[in-house]
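**Student:** Attaching a predicted model along with its sequence, questions to come.
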Amino acid sequence: VQLQASGGGLVQVGDSLRLSCVASGLSISTYGMGWFRQAQGKEREYVAGISWNGDIIRIANSAKGRFAISRNNAKNTVNLQMNSLKSDDTGVYYCAAGCMDNAHRCNYWGRGTLVTVSS
């Protein structure tokens, strides 16, 4: 099983990025999916989650109004659209399967993609 996250990079405050996570060896169609991030020296934190069919979406308070999560089960992908980025959004972003907002419930983790927001 692999969850490959991509789309990270170096951007400036106020810019947008779209992260994608493609699963292989696993059909995500029955899994809740989540995005988490970890800033240097800090614990991993939840960012956004989406239920298996997309009916339930949860966004962390720090990301509400700026981030949106979506999924395409036919393409085995989940995306995170990040707008109005702030320097506090800097970190490694991970996608996970089997969970929405509780990292302890995740069954599978991707390797992460680095997002750096420069002021």
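**Tutor:** Cool, got the structure. Numbering: from 1, shown residues only.
**Student:** Can you tell me which residue is spatially central in the chain?
**Tutor:** In the chain, the centroid-proximal residue (CA atoms, centre = their mean) is Trp35; its distance is 2.7 Å.
**Student:** ok, that residue to Ser119 distance?
**Tutor:** 23 Å (CB to CB, to the nearest Å). In this view, the C-beta of every residue, glycine as well, is placed from N, C-alpha and C.
**Student:** Would you agree Ala60 is in contact with Phe36?
**Tutor:** No. The pair Ala60 / Phe36 is not scored as a contact, 9.4 Å apart, by CB atoms under 8 Å.
**Student:** Apart from its chain neighbours, what residue comes closest to Ala48?
**Tutor:** In space, and not counting its chain neighbours, Ala48 is closest to Ile69: 4.0 Å by CB to CB, 6 or more residues apart in numbering.
**Student:** Val92 now?
**Tutor:** Excluding its sequence neighbours, the residue lying closest to Val92 (CB to CB, 6+ apart) is Gly112, at 4.2 Å.
**Student:** Sort out which residues of stretch 86-104 are buried, please.
**Tutor:** Under the neighbour-count criterion of 16 or more other CB atoms under 10 Å, stretch 86-104 has 89-101 buried.
**Student:** Just list whatever residues bridge to the residue nearest to Ala48.
**Tutor:** Leu80 (DSSP bridges).
**Student:** Now do the same for it: its pLDDT.
**Tutor:** Looking at Ile69, its pLDDT is 98.
**Student:** Over to the one 5 residues further on?
**Tutor:** The score at Ala74 is 97. That number is its pLDDT.
**Student:** Give me the three-state assignment for it.
**Tutor:** For Ala74, the assignment made with DSSP: H, G, I helix; E, B strand; the rest coil gives helix.
**Student:** CA atoms only for whichever strand or helix holds Ala23, dumped as CSV, please.
**Tutor:** Here Ala23 sits within strand 17-24, counting by DSSP states H and E. As requested, C-alpha coordinates have been extracted for strand 17-24 and formatted as CSV (Å, rounded to 0.1, in the frame of the first residue of the first chain):
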residue,chain,number,x,y,z
LEU,A,17,-1.4,25.3,-3.4
ARG,A,18,-3.2,22.1,-4.3
LEU,A,19,-2.0,18.9,-2.7
SER,A,20,-2.9,15.5,-4.1
CYS,A,21,-2.7,12.1,-2.7
VAL,A,22,-2.8,9.0,-4.9
ALA,A,23,-3.3,5.6,-3.4
SER,A,24,-1.9,2.4,-4.9
